[in-house]
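S.K.: next input, structure requested:
(chains A and B)
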2 protein chains.
Amino acid sequence: MAGSPELVTTEKPQAVVLVSGGLDSATTLACAREAGFELNAISFDYGQRHGFELKSAGKVAEFFQVRRHIRCPIDLRAFGGSALTAEIDVPKDRSGDEMSNGIPITYVPARNTVFLSLALGWAEVIGAADIFIGVNAVDYSGYPDCRPEYIAAFENLANLATKAGVEHEDHWTIHAPLVSLTKAEIVQLGMKLGVDYSLTHSCYDPDSQGRSCGHCDSCQLRLAGFAEAGLVDPVSYQ
Amino acid sequence: MAGSPELVTTEKPQAVVLVSGGLDSATTLACAREAGFELNAISFDYGQRHGFELKSAGKVAEFFQVRRHIRCPIDLRAFGGSALTAEIDVPKDRSGDEMSNGIPITYVPARNTVFLSLALGWAEVIGAADIFIGVNAVDYSGYPDCRPEYIAAFENLANLATKAGVEHEDHWTIHAPLVSLTKAEIVQLGMKLGVDYSLTHSCYDPDSQGRSCGHCDSCQLRLAGFAEAGLVDPVSYQ
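M.R.: Numbering: from 1, shown residues only, chains lettered A, B, ... in the order given. Next comes the predicted model:
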């Protein structure tokens, strides 16, 4: 109506961010904050051997002063089938060629689909229409559920799956701000946005003190990323 | 090669069937068996108030002599937001108009997406390419994740999300054999395929002996289905 005051709200829109405690999800939190969202973190306890990352998830969430942080227990161990949850040796000291050749043994079946589904349910409850996930298709293309076409398909599904999606056209946005960045570019972006990487954790096979092995695929990618960015990784190695 | 013997295998293809213990999922198991699949049942303990359905899921799975039956604990109560998991009264004695008008309060956010995602992960591990879900869009159209377009979107996602989907084009099929049937047609189909409906459970709000209330939306639809099919529901009512 002409002359009526415009509705002014200072409340930020809510976003749900998947937070593993690793380098990528910490950077993704920074991207969501930079984009003007109020942050809500969701972490998953899926029987992963590298449980240290859950502690890191708590520290990272605290660092970013998230509004809410929930931790979902999901026991994928009943499924078997992956080195990250079952008793299969984590591959060490693989070359870049070996890493990018096919789908790695550390692949957890349908993991991002399960995680995004749970994030979607929670986002609908708290009234968020934006979900951030730190997948990355460049340095590590072996996981099918890290590709842009996968993210687009999940966004389409979300709009068909939910009450909010049915009531508002194109309601959902699945943000994958790191999807086309190299690990070095991710680290540089995170440093620019003020991420404290000493709080993060990437190793698939840490020792009892939580020190990274430096040799699993995840450690190698992380170390190469810091080196290429001309920076020193602040976490402890064995 | 000409003259070489054809590979003959008597092993049936594996299917994963979502089994809640209700009338629809029992009928869906019968459809999967009829289609020639070896059955693997997956059930979800998501903090639902009607926990009796999990006992029924066990009985139904046993009746169909499934090869494997797993029960996944997923605590959706942390999310809040639904009468099926939180402390909100279950609506009773609603008319058909009231039931079909909008999305019901018993809607659990992203429930079928979470369940199908977990079924997908397990199916990939056991080497199944077929997932059966007993969703139904006719009698109860309030749930967005019970529609054919939703099922098609999930199938598309599955083919992008998984190792099997990347390696084999159109690998996954999500079967929803009841999607266009009325409740009466479902009951008639199940009777023809030999389902023992006395083992099933549909009520959202049973008493301590597990007897159905007869008044919640689920009981009303079930009773109307049996009546329209000219049959008597064999379960106990309060």
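S.K.: so, low pLDDT: which residues of chain A?
M.R.: Where chain A drops to pLDDT under 70, the residues are A:1-10, A:47-51, A:76-78, A:80-92, A:94-108, A:139-141.
S.K.: check which helix or strand residue A:114 maps to.
M.R.: Using DSSP states H and E, residue A:114 sits in helix A:111-126.
S.K.: can you name every helix or strand that the biggest strand by length in chain A contacts?
M.R.: Ranked by residue count and defined by DSSP state E, the top strand of chain A is strand A:38-45. Counting contacts by 3 or more Cβ pairs under 8 Å, 6 or more residues apart in numbering or on different chains; DSSP states H and E, strand A:38-45 is packed against strand A:14-18, helix A:23-34, helix A:52-63, strand A:68-73, helix A:111-126. Just so you know, the C-beta spots here come from the backbone N, C-alpha and C atoms, and that holds for glycine as well.
S.K.: report the buried residues of that strand.
M.R.: Judged by neighbour count using 16 or more other Cβ atoms under 10 Å in any protein chain shown, the buried positions of strand A:38-45 are A:38-44.
S.K.: now do stretch A:131-146
M.R.: A:131-137, A:139-140, A:142-146.
S.K.: check those residues against chain B, which are close?
M.R.: A:144-145 (Cβ under 8 Å from any Cβ of the partner chain).
S.K.: turn the buried residues of stretch A:131-146 into CSV, including distance to residue B:236 and secondary structure.
M.R.: Formatted as CSV, the buried residues of stretch A:131-146 follow (distance: Cβ to Cβ, whole Å; DSSP: H, G, I helix; E, B strand; the rest coil):
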residue, distance to residue B:236, secondary structure
A:131, 44, strand
A:132, 49, strand
A:133, 47, coil
A:134, 51, coil
A:135, 50, coil
A:136, 55, coil
A:137, 55, coil
A:139, 59, coil
A:140, 55, coil
A:142, 53, coil
A:143, 49, coil
A:144, 48, helix
A:145, 45, helix
A:146, 50, helix
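S.K.: against residue B:132, how distant is residue A:152?
M.R.: Applying Cβ to Cβ, to the nearest Å, the value for residue A:152 to residue B:132 is 26 Å.
S.K.: can you tell me what sits against stretch A:183-198?
M.R.: With contacts defined as Cβ atoms under 8 Å, 6 or more residues apart in numbering or on different chains, stretch A:183-198 is touched by A:23-24, A:26-27, A:29-31, A:33-34, A:63, A:136, A:138-139, A:178, A:181, A:221-222, A:224-226, A:228-229, A:231, A:233-235.
S.K.: if we can go back for a sec, quick one: which of the helices and strands packed on strand A:38-45 is nearest residue A:210?
M.R.: helix A:52-63 (4.5 Å; Cβ to Cβ).
S.K.: is the closest one in proximity to chain B?
M.R.: No - shown here: helix A:52-63 not in contact with chain B (Cβ under 8 Å from any Cβ), separated by at least 15.2 Å.
S.K.: surely residue A:31 meets residue A:176?
M.R.: No - taking Cβ atoms under 8 Å as the definition, residue A:31 is not a contact partner of residue A:176, at 9.8 Å.
S.K.: give me the common contacts of these two.
M.R.: residue A:132.
S.K.: that older thread, can you list the residues that contact the longest strand of chain A?
M.R.: Strand A:38-45 has contacts (Cβ under 8 Å, 6+ apart) with A:11-21, A:29, A:32-33, A:51, A:54, A:57-58, A:60-61, A:64-74, A:114-115, A:118-119, A:122-123, A:126, A:128.
S.K.: if we use 7 Å, what do you get?
M.R.: By Cβ atoms under 7 Å, 6 or more residues apart in numbering or on different chains, the surrounding residues in contact with strand A:38-45 are A:12-20, A:29, A:32-33, A:54, A:57, A:61, A:64, A:66-74, A:115, A:118-119, A:122, A:126, A:128.
S.K.: and those residues, which are buried?
M.R.: Buried, going by 16+ other Cβ under 10 Å: A:14-20, A:29, A:32-33, A:54, A:57, A:61, A:64, A:66, A:69-70, A:72, A:74, A:115, A:118-119, A:122, A:126, A:128, out of the contacts of strand A:38-45.
S.K.: can you pull the contacts of residue A:166?
M.R.: Residue A:166 touches residue B:144, counting by Cβ under 7 Å, 6+ apart.
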